[in-house]
Structure formats: structure tokens, C-alpha cells
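> Output the structure for:
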Amino acid sequence: FELEWWKGGNHQAREVTAGHFNPKSKEPIDDSEAMANVFDCLFDNEDIHKLKQSERLKHLESFKWPQSTIGKPSLKHMFNLVPYELVETGSALKSKAGKYIHAVASEGMMLKEDAPYSLTGASSTIYKLKTFAEIHGIVWKKIETKTKNVWNYDYALSFTAQDKIDPKFIVEVKGKEFTNVGRSLNTAVNVPVGGIITIRFHTINLYTDAKTGLKHIGVYEPRFYEYRKGDTSPDSFSSAVKIGRDSGLLIEKAM
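As a prediction, this is how the structure comes out:
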């Protein structure tokens with residue numbers, strides 16, 4: 001199963017959920033708004049991981065589950081059986097994909113072949129289709145990793161006074177000010193400071209200081225996608241927020 005957190009009835013991002021259920025303090029954890037999404041069964045009085053997926057699902061269905069929804073679950077119950085459908089053709093998959101990809105709090109869709117479950121931690125029979133969006137940032141700092149010719153890039157966006165950017169997140173590139181977003185994941189693509197890069201993400205966080213109203217944004221799992229050699233200007237702060245909101249990947253947080 002996979003654990004979700006519906007704080008105040010609102011689905012929380014993966015990193016927020018991980019932080020809540022793995023606190024540094026030893027105080028009791030409030031799990032009253034937790035939801036365990038169950039998606040497979042490997043043992044039912046005996047080891048069944050070698051059975052095909054369709055057979056394991058029959059075992060899973062034999063239990064009395066309080067709910068099975070891709071919508072907002074009832075927190076009266078701490079378990080939700082993840083709905084699934086069997087498809088045999090590409091056209092059938094396409095016709096059903098939208099329902100799952102655009103479901104409440106969906107991160108995409110998982111496809112599984114009708115095969116035994118791999119215990120190695122890696123499998124060629126499971127595929128994840130992740131929902132993502134893109135922003136274009138300007139490189140303001142280039143960091144070579146311990147591996148030669150592999151880099152991380154600190155990247156930023158343009159902004160205006162109306163954006164109320166927190167000064168702590170303002171950086172300068174070639175005499176112009178930008179607002180820092182964060183650091184990309186590793187890439188072997190060599191990009192100069194001032195270059196424009198495409199970052200793909202699954203979550204974009206908009207942080208607002210509750211006292212001052214100052215803002216900044218951060219991206220979760222910022223994957224480097226490409227170096228846009230022909231471009232000279234990054235996306236703006238406001239356009240990045242709009243991209244996140246329109247894609248359903250924006251999380252707003254008061255600090």
C-alpha cells in the first residue's frame with residue numbers, strides 16, 4: 001500500500017506527507033487523516049507473489065474493503081482499495097487513461113503486466129505514467145558533481161515588484177535580478193551560467209510568509225530535461241505559478 005495524508009480534507013504533497021509521518025521529535029504522530037491505498041496482495045494464508053497479477057487481484061478482492069475510489073476517500077476508514085481495470089489493447093488503454101490521470105490528487109497512472117510480482121525492487125512488468133509540467137529557468141550557478149562531467153544547476157525565474165518576492169531568494173545573473181527556484185537533479189548536459197533550461201516537475205510549491213506576504217517557489221523532484229540554446233529569457237514567477245495551478249500540481253503553503 002501507499003500512504004496518503006488528507007490534512008483538513010486536502011491532499012498533501014508526497015514530501016509533506018513524508019515529513020509528517022517521519023518527524024524528528026518523538027511526539028505521537030496524528031494519523032487520523034491518513035489513508036492507506038492498497039494496490040496489491042502478496043500473501044493470503046500463503047505466499048502468492050508468484051501468481052499473475054489477475055490472480056493476486058482476486059485474492060485482494062476477497063477481503064471486505066470499506067471503499068474503493070479514485071475520488072476523495074472517506075477518512076472514516078483508513079483503507080482504500082485502489083480501483084483497477086483490465087485492458088488488452090492500446091486504444092482501450094487510451095480511452096480509460098484520462099479517468100485515472102485526472103482523478104483527485106492523482107500523480108498519474110500505473111500499468112502492470114499480468115505477471116508475477118518481482119521481489120528484487122526492480123521490474124520490467126510495471127510502468128509508471130507520471131503527470132508533470134515544465135518551466136524554463138535561467139542557470140545562475142553551475143555545480144559539478146563528484147562524477148566528472150555531471151552537473152547540477154541552480155536556476156531562477158524573472159519577476160516583478162507585484163510578485164512580492166522574498167529578498168532572500170533574489171539572485172543576480174549578468175547584472176539582472178531573478179528569483180531562485182532551486183537546484184536541478186543530475187545531468188550530463190553542459191550548460192553555461194545564463195543558459196535557459198527546461199525543468200520537469202510533479203509538484204511546485206508556492207510559499208507565502210504569513211506575516212509579510214513575501215513569496216518564493218520551490219519545485220519537488222526538479223528533473224533537467226533540456227538546454228534551450230536558442231532562448232535568452234526564463235519564464236516569469238507568475239507564469240510558473242499559473243503553470244502549476246493549471247496543471248493541478250501547485251501546492252500553496254503559508255510559512
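
> use CA for all of it now, contacts and neighbours both
Fine.

> residue contacts, residue 143?
151-154 (CA atoms under 8 Å, 6 or more residues apart in numbering).

> what about it, which SS state?
The local conformation at residue 143, judged by DSSP: H, G, I helix; E, B strand; the rest coil, is strand.

> Please apply the same query to residue 98.
For residue 98, the secondary structure call by three-state DSSP comes out as helix.

> still on that earlier bit, so can I have a markdown table of the contacts of residue 143 showing pLDDT, neighbour count and distance to residue 76?
Below are these laid out as a markdown table (pLDDT from 0 to 100; neighbours: other CA atoms under 10 Å; distance: CA to CA, whole Å):
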| residue | pLDDT | neighbour count | distance to residue 76 |
| --- | --- | --- | --- |
| 151 | 96 | 19 | 47 |
| 152 | 97 | 21 | 44 |
| 153 | 98 | 25 | 45 |
| 154 | 98 | 18 | 43 |
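
> Helices - which of those residues land there?
When the contacts of residue 143 are checked against helices (DSSP state H), there are no matches.

> show me the contacts for the residue nearest the centre of the chain.
Closest residue to the average C-alpha location of the chain: residue 202 at 3.4 Å, with CA atoms, centre = their mean. Contact partners of residue 202, counting by CA under 8 Å, 6+ apart, are 107, 130-133, 219-221, 249.

> same question, residue 77
The neighbours of residue 77, taking CA under 8 Å, 6+ apart as the test, are 35, 66-67.

> just residue 198 next, same as before
134-137, 224-228.

> Spatially nearest residue to it, not counting backbone neighbours?
The shortest distance from residue 198 to any residue other than its chain neighbours is 4.5 Å, reached at residue 136 (CA to CA, 6 or more residues apart in numbering).

> Hmm, residue 201 and that neighbour touching each other?
No: under the criterion of CA atoms under 8 Å, residue 136 makes no contact with residue 201, lying 11.3 Å away.

> Now for the contacts of residue 143: which two are most distant?
For the contacts of residue 143, with distances taken as CA to CA, the pair at the greatest spread is 151 and 154 (10.0 Å).

> Quickly list what's touching both of those two.
142-143.

> circling back to that earlier point, out of the contacts of residue 77, who's nearest residue 95?
The nearest one, if we look at the contacts of residue 77 relative to residue 95 and count by CA to CA, is residue 67, at 24.3 Å.

> Is residue 244 in a helix, a strand, or coil?
When the rule is three-state DSSP, residue 244 gets the label helix.

> Mind checking which of the contacts of residue 143 land in strands?
151-154 (DSSP state E).

> export these to TSV and tack on distance to residue 12?
Formatted as TSV, the entries for those read as follows, by distance: CA to CA, whole Å:
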residue	distance to residue 12
151	31
152	27
153	27
154	26
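
> Residues in a beta bridge with residue 109, which ones?
residue 129 (DSSP bridges).

> For burial, what's the neighbour tally of it?
By other CA atoms under 10 Å, the residues close to residue 109 number 17.

> Pretty sure it sits against residue 98.
No: the pair residue 109 and residue 98 does not pass the contact test of CA under 8 Å, sitting 9.3 Å apart.

> tell me the strands in the stretch 101-250 of the chain, going along the chain?
108-112, 126-130, 133-144, 151-157, 170-173, 176-183, 196-201, 203-208, 215-220, 223-227, 250-254 (DSSP state E, counting those that start in this stretch).

> can you put the ones you listed in TSV and add distance to residue 84?
Rendered in TSV, the data for the strands of the stretch 101-250 of the chain read as follows (distance: least, CA to CA, whole Å):
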stretch	distance to residue 84
strand 108-112	10
strand 126-130	14
strand 133-144	25
strand 151-157	38
strand 170-173	46
strand 176-183	36
strand 196-201	26
strand 203-208	25
strand 215-220	27
strand 223-227	29
strand 250-254	27
